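>>> this one's structure only:
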């Protein structure tokens, strides 16, 4: 009984509805900021439930807007909720919520892409990486315009154990366009399998929780929305630097309908392309005629390891950029001399490495 009494005391007192707040402060979703409000508290409660128990938890909410999800997080028992909101128009409504939940809601008027979340919470909530995740969650109904950028940034933070992951294996529960949610969770061989699938799944357990129809949002977006839950893995499935893995995966998936060796080729300067591609594919023991979508994470791991091995013998490979080479060729054809030329210090194909 004492526990239920404690939780009841954390619930918010009667407040204006989110819809009433929107009218009160004359809030409109800004199209250029790809804002879409979720006003149905049953749906915001459902999103929050995907995070697991929030009783006595610390939470960072990204882009709270008019505060629908914020209410659900507070009602779920979070004792410390930090909201990061870029748009000044939403601050008065969030202050109203803060007054209704004394000492439990902190408002940061800032941009989540630059906010230092590693300084946002007390150090004593930290859990060693090998243990259970800390009682810290990131939850957000993300604007479509930044959702992919943000998850890639956080995946890099997971790989380096920086940002929100200095506290341990912080869990994330986030909304994405349905198509992005499907890509994040796509299995080997599926049509949606992509660069994003590999980058998320080699670092996290990723779960596509449920889909919210577009009509539930105001204004209604042209697409439905997926809720995705991430738990960082204790041991990443690929033991290479994030930037190296990202480079290999990006190159492989740039020709997603072709055989995977086509993308691998673009990791190497033209003069050594065929020889080094063959060496990398053989060392990784991956069938060069597989399509990128057919590659498993262990096969991507083998390719990343083989590429890292080649780079250890020839470090200049790491900075080689195929698109930059194309740009320079284009300049040369146009009669311009590019100011930043890339000179390769690779050995000749005959030289043993």
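Yep, it's here. The model shown is predicted, which means the values in this text are computed figures rather than measured ones. Residues are numbered from 1 along each chain as shown.

>>> only C-alpha atoms for contact and neighbour calcs from this point on.
Will do.

>>> do you have the strands of the stretch 101-250 of the chain handy? List them.
Assigned by DSSP state E, counting those that start in this stretch, the strands in the stretch 101-250 of the chain fall at 105-109, 136-140, 171-177, 204-212, 217-218, 225-232.

>>> pick out the shakiest of these, pLDDT-wise.
When the strands of the stretch 101-250 of the chain are compared by mean pLDDT, strand 217-218 comes last with a mean of 77.

>>> quick one: strands adjacent to that strand?
Strand 217-218 has its sheet partners listed here by DSSP bridges as strand 37-38 (antiparallel).

>>> pLDDT weak spots in the stretch 1-150 of the chain?
The stretch 1-150 of the chain contains residues with pLDDT under 70 at 1-9, 12-35.

>>> mind listing the helices for it?
Here the stretch 1-150 of the chain has its helices, by DSSP state H, counting those that start in this stretch, at 2-10, 18-24, 41-49, 68-75, 91-100, 144-160.

>>> repeat for the stretch 201-350 of the chain
Listed in chain order, the helices of the stretch 201-350 of the chain (DSSP H, counting those that start in this stretch) span 242-253, 260-265, 273-284, 297-313, 316-319, 322-333.

>>> chain center to the third one, what's the gap?
With C-alpha atoms, centre = their mean, to the nearest Å as the basis, the distance from the averaged C-alpha position of helix 273-284 to the chain average is 31 Å.

>>> got a list of what residue 273 touches?
265-267 (C-alpha atoms under 8 Å, 6 or more residues apart in numbering).

>>> could you rerun that using 10 Å?
Contact analysis of residue 273 by C-alpha atoms under 10 Å, 6 or more residues apart in numbering lists 264-267, 279, 349.

>>> need the residues you listed in CSV (columns: distance to residue 104, neighbour count and pLDDT).
Formatted as CSV, the contacts of residue 273 follow (distance: C-alpha to C-alpha, whole Å; neighbours: other C-alpha atoms under 10 Å; pLDDT from 0 to 100):
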residue, distance to residue 104, neighbour count, pLDDT
264, 51, 27, 98
265, 54, 22, 97
266, 52, 20, 96
267, 50, 23, 97
279, 57, 15, 98
349, 64, 13, 42
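
>>> of all those residues, which comes closest to residue 157?
residue 267 (24.5 Å; C-alpha to C-alpha).

>>> my read: residue 151 touches residue 200, true?
Yes. With contact defined as C-alpha atoms under 10 Å, residue 151 reaches residue 200; the gap is 8.4 Å.

>>> so between those two, which is more surrounded?
residue 200 (21 against 18; other C-alpha atoms under 10 Å).

>>> can I see the domain layout of this structure?
The record's domain parsing of the chain by automatic domain parsing lists 2-232, 242-333.

>>> one step back: would CSV of the strands of the stretch 101-250 of the chain with mean neighbour count and distance to residue 63 be doable?
Listed next are the strands of the stretch 101-250 of the chain as CSV, based on neighbours: other C-alpha atoms under 10 Å; distance: least, C-alpha to C-alpha, whole Å:
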stretch, mean neighbour count, distance to residue 63
strand 105-109, 17, 10
strand 136-140, 24, 7
strand 171-177, 25, 11
strand 204-212, 18, 18
strand 217-218, 16, 15
strand 225-232, 23, 15
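
>>> dump those strands into JSON lines; add distance to residue 306 as well.
Shown next, in JSON lines, are those (distance: least, C-alpha to C-alpha, whole Å):
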{"stretch": "strand 105-109", "distance to residue 306": "44"}
{"stretch": "strand 136-140", "distance to residue 306": "35"}
{"stretch": "strand 171-177", "distance to residue 306": "31"}
{"stretch": "strand 204-212", "distance to residue 306": "23"}
{"stretch": "strand 217-218", "distance to residue 306": "46"}
{"stretch": "strand 225-232", "distance to residue 306": "25"}
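
>>> quick one, which of these is nearest to residue 59?
Comparing the strands of the stretch 101-250 of the chain under C-alpha to C-alpha, the one sitting nearest is strand 136-140, at 4.8 Å.

>>> can you tell me the centre-most residue of this protein?
residue 151 (1.3 Å; C-alpha atoms, centre = their mean).

>>> contacts only, for it.
157, 172, 174, 176, 184, 196, 199-200.

>>> can I get those residues in JSON lines with distance to residue 221?
Supplementary listing: the contacts of residue 151 in JSON lines, determined by distance: C-alpha to C-alpha, whole Å:
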{"residue": "157", "distance to residue 221": "30"}
{"residue": "172", "distance to residue 221": "23"}
{"residue": "174", "distance to residue 221": "17"}
{"residue": "176", "distance to residue 221": "12"}
{"residue": "184", "distance to residue 221": "20"}
{"residue": "196", "distance to residue 221": "22"}
{"residue": "199", "distance to residue 221": "27"}
{"residue": "200", "distance to residue 221": "25"}
